[in-house]
Structure formats: C-alpha cells, structure tokens
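K.L.:
below is the sequence, then the predicted model.
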Amino acid sequence: MRIKTIEKLCCPFDKSDLNLTIISQDETENIMEGLLVCDNCKRVYPIISGIPIMSPDEYREFKLEQPVLERWEKHLEGKKVENFRLIS
C-alpha cells in the first residue's frame, strides 16, 4: 500500500485521522506491514500484506489478529490492544 493512499484513509467509525507505524516496506517503498491507530477512539487497524484490515469490530476476530499484534508488540510503545483498541 502506498503512503499517499494511506494518507487519504480515516477511521471508519468516527472519521478521525489515523497514525501510521511502518513495520516493513518492499523495494518500491510500498507498506507491506504496519499499524494504523485512530487518534480519537484508539482503534488499531493492522496492515497485513499491504492491505489494511479496517472492518467493523463485529466482523473482526481478535484471535486471528492477535499473533500479528503480539509479533509487533515492540512497535506499540508498551501499550496493549484490547477489543481492537490501544490501551495504556
């Protein structure tokens, strides 16, 4: 996913801006893995294989996303994810 495309995204719940944490990029600087975090509601949307997972909470399964988020834990700056939200 290109950074210019990500800059156009907003939180689907409250339309707030998203903060991007890049985990990995390919040779053309497309983002392959990363995290998008809503400024307002603190929801976390992972980017996996270049695709942001931005489905409504009721259609997401935390147990499927949990291994990825645990692997990226160092990028969360000591915070945890609970119910798809970043908590201190």
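P.N.:
All right, it came through fine. Numbering: from 1, shown residues only.
K.L.:
C-alpha only now, for contacts and for neighbours.
P.N.:
Noted.
K.L.:
how many neighbours does Asn83 have?
P.N.:
12 (other CA atoms under 10 Å).
K.L.:
that one contacts Lys63, correct?
P.N.:
No - counting by CA atoms under 8 Å, Asn83 does not reach Lys63; the two are 10.5 Å apart.
K.L.:
and the gap between Cys11 and Gly78?
P.N.:
Cys11 sits 23 Å away from Gly78, going by CA to CA, to the nearest Å.
K.L.:
neighbour count winner among these two?
P.N.:
Cys11 (20 against 9).
K.L.:
which residues touch the more buried one?
P.N.:
Asp17, Leu18, Cys38 (CA atoms under 8 Å, 6 or more residues apart in numbering).
K.L.:
of these, which is the nearest to Thr28?
P.N.:
Closest approach to Thr28 among those (CA to CA): Leu18, at 22.6 Å.
K.L.:
tell me what the closest one is bridged to.
P.N.:
On the basis of DSSP bridges, Leu18 is bridged to Cys38.
K.L.:
what about it, distance to Ile31?
P.N.:
With CA to CA as the criterion, Leu18 and Ile31 are 15 Å apart.
K.L.:
and if you look at Pro52?
P.N.:
From Pro52 over to Ile31 (counting by CA to CA), the distance is 10 Å.
K.L.:
one more: Trp72?
P.N.:
From Trp72 across to Ile31, the span is 15 Å (CA to CA).
K.L.:
go on, Tyr45?
P.N.:
Tyr45 is 14 Å from Ile31, by CA to CA.
K.L.:
average pLDDT for the lengthiest helix in the chain?
P.N.:
Longest helix of the chain, by residue count under DSSP state H: helix 62-71. Helix 62-71 shows a mean pLDDT of 90.
K.L.:
can you list the buried residues in it?
P.N.:
The neighbour-count check on helix 62-71 (16 or more other CA atoms under 10 Å) flags Leu69 as buried.
K.L.:
and the strands in this structure?
P.N.:
18-25, 31-38, 44-48, 51-52, 80-82, 85-87 (DSSP state E).
K.L.:
higher neighbour count, Trp72 and Ile31?
P.N.:
Legend: neighbour count by other CA under 10 Å for Trp72 and Ile31, higher for Ile31 (23 against 16).
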